[in-house]
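Colleague: Below: sequence and its predicted model.
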Protein chains: 2
Amino acid sequence: MTSPIRPAEVDRTSPVPLYFQVATRLQELIERGEIGVGDRIENEVDLAERLGVSRPTTRRAIQYLVERGMLVRKRGVGTQVVHPKVRRPVELSSLYDDLRTSDRTPRTEVLKLEVVPAGGEVAAALEIELGTEVTWIERLRYAGGEPLAIMHNAIPMDLIRLTDRDLAEHGLYELLRRAGFVPRIATQVIGARSAGATEARILSEKRGASLLTMTRTAWDAGGRALEYGSHVYRASRYSFELNLSAG
Amino acid sequence: MTSPIRPAEVDRTSPVPLYFQVATRLQELIERGEIGVGDRIENEVDLAERLGVSRPTTRRAIQYLVERGMLVRKRGVGTQVVHPKVRRPVELSSLYDDLRTSDRTPRTEVLKLEVVPAGGEVAAALEIELGTEVTWIERLRYAGGEPLAIMHNAIPMDLIRLTDRDLAEHGLYELLRRAGFVPRIATQVIGARSAGATEARILSEKRGASLLTMTRTAWDAGGRALEYGSHVYRASRYSFELNLSAG
DNA sequence: GTCAATACTTTGTCATGACAAGCTGTCGAA
DNA sequence: TTCGACAGCTTGTCATGACAAAGTATTGAC
């Protein structure tokens, strides 16, 4: 019934925290199906004793997986494996990353890259003074040889110096991260509207076709605004997929 | 510099866990602006001593707020308040709840409520055999006197017995919860398309107008599929707002 | 046979103590 | 003046021990 972790699998000489070793091992067992959906895992106390670690440590390991949506605890009952289809919460990733991890060979064409004074919308989103100079980017994103999205971004001037080539070859988030600015939190709004004539032409759609719109502002851990984006996607070729979990 | 919690504010006779009392109080101070953005909060050890609780307890309180994106910890430095605009991760709530909490007095018209055999899409989403009977619901949701969305839902027959009146007066999630089925995880896909003639008429839109589409499957903690929904929203009146945070 | 009280299992909360690890500022040597 | 070593501060990890609370199974009375 149980496929327990063996005591030999925790290594006290490793710099990796014990709770994380236990959590990782548990996760493997679950993902590999050795502990099936709905199965109860060994209780905290026994597991701790058997592995020779303290209960808080096993508890923390389990907690880690609970937060990632793999396990569910019930007091008086035990800890169960939940449906494997549903894993982690929504991720903070860019379209480029999304496409790359899913095989659809992205290509980027930089339509515009310039420094302009921030307009009202951009200034409000990035929380800077109206007219402050920002880097303004317009890109056309292809996937599988077809145009997929028109992307507009504004980035505070002092963060990073971008070139056409960087942008053509890397995702914006990747570039930001590389420069030491790690997006941690973001708000985004997803809506829809009809394509205007220019948009339609660029995206190879008919005029009036439905477009998905997404605007996003991203901040780093310190609350510094990193990026404002306003993008439109061909609804015929793209949709947003979200995994939610409620505490 | 700090606006600390006073010891009198933790109540050991309360059934509310100490760590939660501390977390709630801290959250209040932050939301009220008494601890500003970027400020460091009192360190764990001092805070624990001053409040007369243990360090693990204060630690857990802080951890709680870190997970909700209000605080950021740095070893060797301290714990800082992050941008207050960005709050919790996406919530698992229904449109009805969303509207009600934001003043826009929802009204629901039940267009259809019947038991039908599950078609391919529904069966796949709910993970049941093709042809298994499910409760099928079609509703028209109004907000502020205007039609806003057409909602289709399929629910496994054995979960709950629904009436027109229930549905007109309560959100579906509310009804599910009341029957003891708590949605915990969900996957949803957001897209867009143009309105057909019938949809346009029902929603008071022109034919070809952009509609936001959202399909969702929700599961309870045990991995049991509770609901499949396929909804269309007037893009001119509605958009999805998400708050993301990355670990 | 049915139902309520009880015992048991399992997770939830909390305290105390200890040491490690990462960051920052200070102080001294070159 | 500059830079490295060091000390001190703060969070990170871990152990041990104890009791509470919730859910499940058993037992016993009727």
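Modeller: The structure has been received and is ready for your questions. Small disclaimer: the values here were computed from a predicted structure and weren't measured. Residues are numbered from 1 along each chain as shown, chains lettered A, B, ... in the order given.
Colleague: so what's A:Thr213 scoring on pLDDT?
Modeller: At A:Thr213, the predicted lDDT confidence score is 91.
Colleague: Show me what it is bridged to.
Modeller: Note on A:Thr213: beta-bridge partners A:Gly191, A:Val232, judged by DSSP bridges.
Colleague: How about the contacts made by it?
Modeller: Contact partners of A:Thr213, counting by Cβ atoms under 8 Å, 6 or more residues apart in numbering or on different chains, are A:190-193, A:230-233. Heads up, the C-betas are built off the backbone N, CA and C, glycines and all.
Colleague: Report how many residues lie close to A:Met193.
Modeller: To be clear, residue A:193 is Arg; Met isn't right here. A:Arg193: 19 surrounding residues under other Cβ atoms under 10 Å in any protein chain shown.
Colleague: Quick check: closest non-adjacent residue to it.
Modeller: Spatial nearest neighbour of A:Arg193, chain neighbours left out: B:Ser210 (5.3 Å); criterion: Cβ to Cβ, 6 or more residues apart in numbering or on different chains.
Colleague: top of the contacts of A:Thr213 by neighbour count?
Modeller: Most neighbours among the contacts of A:Thr213, by other Cβ under 10 Å: A:Ala192, with 29 neighbours.
Colleague: still on that earlier bit, wait, which of the contacts of A:Thr213 is closest to DNA strand D?
Modeller: A:Ile190 (32.7 Å; Cβ to the nearest atom of the strand).
Colleague: My guess is the closest one contacts A:Phe240. True?
Modeller: Yes. Using Cβ atoms under 8 Å, A:Ile190 is in contact with A:Phe240, at 6.0 Å.
Colleague: who touches whatever residue of chain A ends up closest to DNA strand C in this structure?
Modeller: With distances taken as Cβ to the nearest atom of the strand, chain A approaches DNA strand C most closely at A:Asn43, which sits 3.1 Å away. By Cβ under 8 Å, 6+ apart, the residues touching A:Asn43 are A:78-79.
Colleague: tell me the phi and psi of the residue nearest to A:Arg193?
Modeller: phi -70, psi 130 (degrees, to the nearest 10).
Colleague: Just the buried residues of stretch A:50-61, please?
Modeller: A:51, A:53, A:57-61 (16 or more other Cβ atoms under 10 Å in any protein chain shown).
Colleague: still on that earlier bit, show me the common contact partners of A:Ile190 and A:Phe240, please.
Modeller: Here A:Ile190 and A:Phe240 share the contacting residues A:212, A:214, B:190, scored by Cβ under 8 Å, 6+ apart.
Colleague: Looking at these, which is nearest B:Ile202?
Modeller: Minimum separation from B:Ile202 among the shared contacts of A:Ile190 and A:Phe240 (Cβ to Cβ) is found for B:Ile190, which lies at 20.6 Å.
Colleague: A:Gly208 is in contact with A:Glu199, isn't it?
Modeller: No. Using Cβ under 8 Å, A:Gly208 and A:Glu199 do not qualify as a contacting pair, with a distance of 10.4 Å.
Colleague: Based on its surroundings, how many neighbours for A:Val72?
Modeller: 20.
Colleague: tell me which element it falls in.
Modeller: With elements delineated by DSSP states H and E, A:Val72 resides in strand A:71-74, which encompasses its position.
Colleague: who does that strand pair up with?
Modeller: According to DSSP bridges, strand A:71-74 forms sheet pairs with strand A:78-81 (antiparallel).
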